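> mind looking at a prediction? Sequence and model below.
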Amino acid sequence: MSPNLEHIKKLKSGSKTWNQWRVQNSQVTPDLHKLNFYSDLHPKSNRYIFPEYTSYNFSGCNLNGASMRNCVFTKCDFSNSSIHFSDLVEAHFSSCNFKNCGIRLSKIGSAIFTNCDFEGADLSYSGAEETKIINSYLFMTDLSHMRLVKTDFTNSKIINSRVYGISSWELVLEGSVQSNIYIEEEGSRITVPNIELAQFISLMVNNSKIRDIIDTITSKVVLILGRFTPERKSILDMIKENLQTKDYVPIIFDFVGPSSREITETVVSLAAMSRFVIADISNPKSIPQELMSIIPNFPSLKVQPIIEKSQKEYEMFEYFKNYPWVLNTIKYSKGSLNELINKIIMNCEG
């Protein structure tokens with residue numbers, strides 16, 4: 001079936017005539033399904049100019065299967081319209097109203113939406129790769145099962161929106177506000193602060209294999225902290241190798257991050273999934289800062305300090321002894337590492 005030719009004729013008359021007709025015929029649902037806004041309405045002699053549609057009232061229209069590719073829409077009202085199975089690729093929408101609009105299973109890739117309102121809209125199962133949704137409002141918007149690859153949500157608000165089953169990669173979220181992003185399937189609801197976390201939590205909750213991997217990591221990982229001069233690093237490597245033979249997954253934090261803040265945040269993240277921490281406080285440098293970020297915040301995480309027998313604990317370390325989960329410091333020598341490992345395991349697993 002083709003779109004209603006009388007409705008297309010009214011549309012070609014311009015926004016003023018079209019909008020007046022809409023007011024006078026409020027009981028009519030305009031049938032513009034499968035309409036191509038570029039080739040059906042645009043003069044063939046000007047095919048290299050993007051058609052522009054300004055201040056059109058498309059509210060409540062049947063636009064299913066329509067093509068808006070390479071067109072520009074400014075201050076248009078698409079509220080309560082149906083635009084399912086449509087092609088919006090490389091279209092540009094500025095200050096448009098998509099409230100309660102249905103745009104399921106549509107192609108939206110590389111489109112640009114600026115200052116648009118998507119409150120209550122349904123964009124589920126649509127592909128929005130490299131799409132820009134900037135300075136826009138997404139409240140109670142259904143984004144479930146969307147493909148969001150390099151999608152740009154700069155300065156947009158995403159609130160109380162559903163994201164179950166999305167595929168999101170390299171999102172741009174600078175200046176965006178996100179809250180109550182929820183995953184919902186079969187009546188259950190899990191709410192998270194942002195889209196990236198929603199995808200991870202969804203995989204974890206609904207995939208038993210991923211849960212098993214996480215359980216394995218948290219039951220086997222041992223974080224090893226210390227000074228990484230050649231002499232000290234060789235000791236830590238030997239501790240690591242010894243722990244591996246005892247079925248642990250030791251991680252030595254010996255890589256350099258772009259800033260001290262990011263290094264500390266990474267250490268905290270590793271500590272959060274560790275069974276226990278081994279802290280070599282011999283010739284300390286960055287370890288006091290790392291322990292300050294870990295010890296007060298993880299009361300269930302045992303921290304085993306160790307120190308080369310010829311050295312003394314640094315002065316500020318006395319502060320950490322007030323925490324019950326910080327174990328007594330073990331002194332060691334290079335020739336007693338096997339004994340050291342056995343004692344560490346006994347202390348931390350006891």
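Cool, got the structure. Predicted model only: the values in this text are computed from it and were never measured. Residues are numbered from 1 along each chain as shown.
> just after the one helix or strand residue 239 maps to, pick out the following helix or strand.
If you go by DSSP states H and E, residue 239 is part of helix 230-244. The helix or strand immediately downstream of helix 230-244 is strand 249-252, counting by DSSP H and E.
> can you dump the C-alpha coordinates of that next one into CSV?
The C-alpha coordinates for strand 249-252 follow below in CSV (Å, rounded to 0.1, in the frame of the first residue of the first chain):
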residue,chain,number,x,y,z
VAL,A,249,46.0,-15.5,40.8
PRO,A,250,48.6,-12.9,42.0
ILE,A,251,48.6,-9.4,40.5
ILE,A,252,51.7,-7.2,40.8
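> what sits against the residue most central in space within the chain?
With distances taken as C-alpha atoms, centre = their mean, residue 196 lies nearest the centre of the chain, 1.5 Å away. Contact analysis of residue 196 by C-beta atoms under 8 Å, 6 or more residues apart in numbering lists 168, 171. All C-beta atoms are positioned from the backbone trio N, CA, C, and that covers glycine.
> over to the one 5 residues further on?
With contacts defined as C-beta under 8 Å, 6+ apart, residue 201 is in contact with 183, 190, 192.
> report pLDDT for residue 158.
pLDDT, residue 158: 97.
> send the alpha carbons of the helix holding residue 239 over as CSV?
Taking C-alpha atoms only, helix 230-244 is exported to CSV below (Å, rounded to 0.1, in the frame of the first residue of the first chain):
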residue,chain,number,x,y,z
PRO,A,230,65.3,-3.9,40.4
GLU,A,231,66.1,-5.5,43.7
ARG,A,232,62.7,-5.2,45.3
LYS,A,233,60.9,-6.2,42.0
SER,A,234,62.8,-9.4,41.9
ILE,A,235,61.5,-10.3,45.4
LEU,A,236,57.9,-9.5,44.4
ASP,A,237,58.3,-11.6,41.3
MET,A,238,59.4,-14.6,43.3
ILE,A,239,56.4,-14.1,45.7
LYS,A,240,54.2,-14.0,42.7
GLU,A,241,55.6,-17.2,41.2
ASN,A,242,55.3,-19.0,44.5
LEU,A,243,51.7,-18.0,44.9
GLN,A,244,50.9,-19.3,41.4
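> including pLDDT, could the contacts of residue 201 go into TSV?
Formatted as TSV, the contacts of residue 201 follow (pLDDT from 0 to 100):
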residue	pLDDT
183	86
190	80
192	84
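> out of these, which are inside helices?
Assignment to helices by DSSP state H places none of the contacts of residue 201 there.
> now the buried members of those.
Buried subset of the contacts of residue 201 (neighbour count, 16 or more other C-beta atoms under 10 Å): 183, 192.
> could I get the contacts of residue 201 as TSV with distance to residue 282?
Listed next are the contacts of residue 201 as TSV, based on distance: C-beta to C-beta, whole Å:
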residue	distance to residue 282
183	46
190	45
192	41
